[in-house]
Each structure stands twice: as structure tokens, then as C-alpha cells.
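# build me a structure from this.
(chains A and B)
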Amino acid sequence: MEDTPILASPLAQTISLWIAALLTLMIFSFLYKDNPAYKFAEHLFVGVSAAYWMTVGFWTTLIPNLMAKLFPSRMGTIFPVAVGNRAEYFYIVPLVFGILLLTRLYSRLAWLSRWAMAFIIGFAAGTNFTRYLQSDFVTQIHSTMIPLYEPTGNIMTAVGRIFSNLVVVIGVVCALIYFYFSKPHEGSFGKAARVGIWVLMAAFGASFGYTVMARVSLLTGRMSFLITWVQSIF
Amino acid sequence: MKRSIPLLITFLVGVALIVAMFIPHWPFDVLNQNFSVFYDIIAVFAFILGGGNLLKVHIRKVQRKGGDWKYSLVTIIGFFLVLGAGLLKIGVPGGWSGDYQATGSLFKYLYDSAFQPLQATMFSLLAFFVASASYRAFRAKTREATILLVAAFIILLRPTPLGYYLTFWLPEPLQFLHVPNLSTWILSVPNMAGQRAIMIGIALGIVSTSLRLILGIERSYLGSEGKG
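This is a model prediction of the structure:
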């Protein structure tokens, strides 16, 4: 029979549940007012989350995509898939850029980090230029150019569709007019901009409703966790 | 060196990626793939930089015994505990060849008992702040605020039994006013129109900013020495 790891044992799991419950209560204590228990949990969260994402990045990106490419024969048991592969020395480039980025921690050499920043900025600009032009500009305009009338069997459905399609087309045009600031929002242009604001308000309202629902569902999740914890005590 | 090399790097990388879009053949396709991996690797170094900076700030605070320095100690201990557990694969079944977040490892244990509950609770706390924001937003003083209120209210009512019982009795020709149907309509018509206009606006902004960056007109990322 295989031994259960010590941290997966029932006792360790009970301790884990208690730590999680106490930390949850510490965070909720902020609802009363800022207090030492909340500050403790908040500072712990900052440290733990920074280390968590560093570790994830190390094992999921640095080891397989950098170390395993540069030193495949030295990966041994850490990343055995790479052993036997040929070294790809051009991966020195991101390593150098990465180290240059870390020079930001030393004020005398901090200017060198701009080289790495320049790569990041250049990559983001180059990819976003085409990506947004394609998916968010051309595609969205294309999707807005819809036939207003689509023949269907039911007259009510047809009228409904015409109305909805009109709202989409007029809504997009008016909202875009609202974003156009090179001309004063006066006269018929101003009226169209006003309709644009209404469309945007409906969109913000829908987004707001969704955000509230998401947060409340997270809250109910934490509450049900606390109930599980209380039930485990009795 | 301090200004021209970063500008040249940004220009070359940006142009290479734009060209790769129009000429998806050697060498641009390979450059595109490699740059993407390079970007991921440098992003991890950015995480390391963030961690290093966090430590620098908190260690300095502890050394100087600044305000709330004891909490900085909590941050430092939490940071090293999780980092050590993850990098050294403490308790991982199978040792170095095992998965760093396997069940039974200290890293997974710390994730379950500290990181996950802290993160979820921190975000759930926002429900209360959103409730207070709702109170302010839901005072229909103007026509615009009323539209926002009505849209949000219908979306919020949708998953609740109240949303169903309020309008289930409506006759067939008025079924489009049934709260679930109305909510779907708001999401797929006026919401989509608004989101679409916003997306088009954002895309135009990103395209123009990208061009300014690639051509070296926008230099704020170089700091104060980037001016001029």
C-alpha cells in the first residue's frame, strides 16, 4: 500500500481548513474597520501571491522554455524530456534581456533595463497593432453591417428582428459619434451623441449587473466555506 | 546607448511582427514564434523583478523599523515560505521529477490553506463595496442614470426566482417583456452595440499608440531621459 503524504493526511487537512477559515475571517474583519488581523492577512497575501506567481513562472516557463533549451543535458530528473535534445543557443537572447530587466533593482545600472522594456514594448505594439486591427476593428465593423430585414415565418419575430438590428446599427453609430470629439456635440450631431450615451449607459448597466453577480457569487462561495468549517467543528 | 538602442529594439521587434502578419513565411514566421516565447520568458523575469522589489521595500522597512514594520515581516516570511516550498519542491511525491503542485507537496498545501482563501475572500469583499456603489448609482437622478439602473436591475433579476415570478403571467404576444427574455435582449442588443463601439474605439487607440511606439514618437517608457 502506498503511503499517504504527510500533508495529505486528515490531520494536516484539518489544520489547513482552520488556517483557511481564520484567514477568511481576518479579511472579513475589515468590514468592521481596519484592524491588525486584517493587516496581517493582507500583508501575508501580498507576500504569498508574489512568491506563488514567481514559482509558477519558474516551473512552467523558465525551466521548459529557457533552461531546457540552453542546457538540455543538465536537466536530469527536473525535466527529463529535454535530456538528449540539442542546445538552442539563441535562447541566450531572452536570458540576457531577462537579466537586464533585473538591473532595475540597482539604480546605477537601472538604465540597462530599458533594453528589455523596449523588447516588451516592441512585442506588445507589433502584435497588438495587427491583432486589434483585425479582431476588434475590422471584425466588429463587419459584424455591424447586418441585413435589417430577414424573412421569417412569424410577423412578430420579423418585426422584433428588424427592431433589434436597427438598435444595433444605430446604437454603434451613435456611440461612435459620442466618442468623436473633433466636432462640437451640437445640433443633430449632438442628438446622435446623446443617443450614443444612452446605448453606452445600457452597456455599462449590463456590465455592472454582471460584476455585482460575480462578486456576490464569490461571497456566497466564501460563506458556504465558512459553514463547512463550522460544521466540521461539531 | 541609453536612448537610441531601446528605440531601435522597439522598432525592429515591432516591424518584424507586423511584417510577419503579412508575410507568414521564413524568416518572419520563425521570428514571430520565437519572439512570443522570448516575451513569455522575459515576463517571468518581470515577476522576479516584482518579487525582488517587494522584498527590497519590506526589508528596508524592517531595517528602519518604519510604521507597521512587523507586518512587513509577515510579507517577507510568507514570501520565502511559498517560494522555498515551490522552488525546492518540498514534500513533492516523486522528488525533483514530480509535479511542483502535486497533492501532498508543501506548495499545494500553502496554496489551499493560504493563497486560495485569501484571494477569494479579498475579491468577495468587493461585493460589499459594489453594494455601496450600487446605492449611489441606483439613484435615478438623470435619464442616463435611469437607463443604467434599469439595465443593471433587469440583468440582476434574471437568475433570481423573483425575476421569473414578476413577469411569467404575461400573455404570449408580450413574452418579450418576460424578465429572462428582456435580460437576454439587453445583453445581445443594446449591450452589444455599446460594447462594439467601445471595442472599435479601443482598437483605434491601440493601433495609433502602437504606431507611435514603433516609430519612436511615444517615448515615455524610457523615463525622463526619453524626452526630446
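# ok, now which ones touch the most centrally placed residue in chain B?
When C-alpha atoms, centre = their mean is applied to chain B, the residue found nearest the centroid is B:Phe123 (13.1 Å). The contact partners of B:Phe123, by C-beta atoms under 8 Å, 6 or more residues apart in numbering or on different chains, come to A:Arg215, A:Leu218. All C-beta spots, glycine's among them, are computed from the backbone N, C-alpha and C.
# likewise the one 5 residues further on?
With contact set as C-beta under 8 Å, 6+ apart, B:Phe128 has these partners: A:Leu31.
# mind listing what's buried in the helix or strand where it lies?
Assessed by DSSP states H and E, B:Phe128 sits inside helix B:126-137. Neighbour-count burial for helix B:126-137 flags B:Leu126, B:Ala127, B:Val130, B:Ser134, B:Ala137 (criterion: 16 or more other C-beta atoms under 10 Å in any protein chain shown).
# now, which of those residues lie close to chain A?
Among the buried residues of helix B:126-137, proximity to chain A is found for B:Leu126, B:Ala127, B:Val130, B:Ser134, B:Ala137 (C-beta under 8 Å from any C-beta of the partner chain).
# ok, now how distant is A:Phe71 from chain B?
In this structure, A:Phe71 and chain B are 14 Å apart, going by C-beta to the nearest C-beta, to the nearest Å.
# wait, isn't that residue in contact with A:Ala87?
Yes: applying C-beta atoms under 8 Å as the test, A:Phe71 and A:Ala87 come out as touching, 6.8 Å apart.
# sorry, back to before: measure the residue nearest to the centre of chain B to B:Pro117 for me?
11 Å (C-beta to C-beta, to the nearest Å).
# neighbouring contacts of stretch A:168-187?
Identification of contacts with stretch A:168-187 by C-beta under 8 Å, 6+ apart yields A:144, A:146, A:148, A:189-190, A:192-197, A:199-200, B:189-190, B:192-194, B:196-198, B:200-201.
# please apply the same query to stretch A:207-224.
If you take C-beta under 8 Å, 6+ apart as the criterion, stretch A:207-224 is touched by A:24, A:28, B:117, B:120-121, B:123-124, B:126-127, B:130-131, B:134, B:137, B:148, B:151-156, B:159, B:191.
# can you flag which of the residues you listed belong to helices?
A:24, A:28, B:117, B:120-121, B:123-124, B:126-127, B:130-131, B:134, B:137, B:148, B:151-156, B:191 (DSSP state H).
# so what pLDDT did the residue nearest to A:Thr130 when sequence neighbours are not counted get?
Among residues not flanking A:Thr130 along the chain, B:Met21 sits closest, at 4.1 Å (C-beta to C-beta, 6 or more residues apart in numbering or on different chains). Per-residue pLDDT puts B:Met21 at 91.
# equivalent analysis for A:Pro80, please.
pLDDT for A:Pro80: 85.
# show me where chain A has its helices.
Applying DSSP H to chain A gives helices spanning A:10-28, A:36-57, A:68-70, A:92-102, A:113-132, A:139-144, A:155-178, A:187-233.
# of all these, which one comes closest to B:Leu166?
helix A:187-233 (15.8 Å; C-beta to C-beta).
# what is the mean pLDDT for the closest one?
Average pLDDT, helix A:187-233: 93.
# can you check stretch B:81-89 too?
97.
# which residues are contacting it?
A:47-48, A:51-52, A:54-56, A:58-59, B:51, B:90-91, B:95-96, B:98, B:100-101, B:105-107, B:109-110, B:114-115.
# return the residues in contact with the spatially most central residue of chain A.
The residue lying closest to the centre of chain A (C-alpha atoms, centre = their mean) is A:Trp53, at 13.5 Å. Shown in contact with A:Trp53 (C-beta under 8 Å, 6+ apart): B:Phe47.
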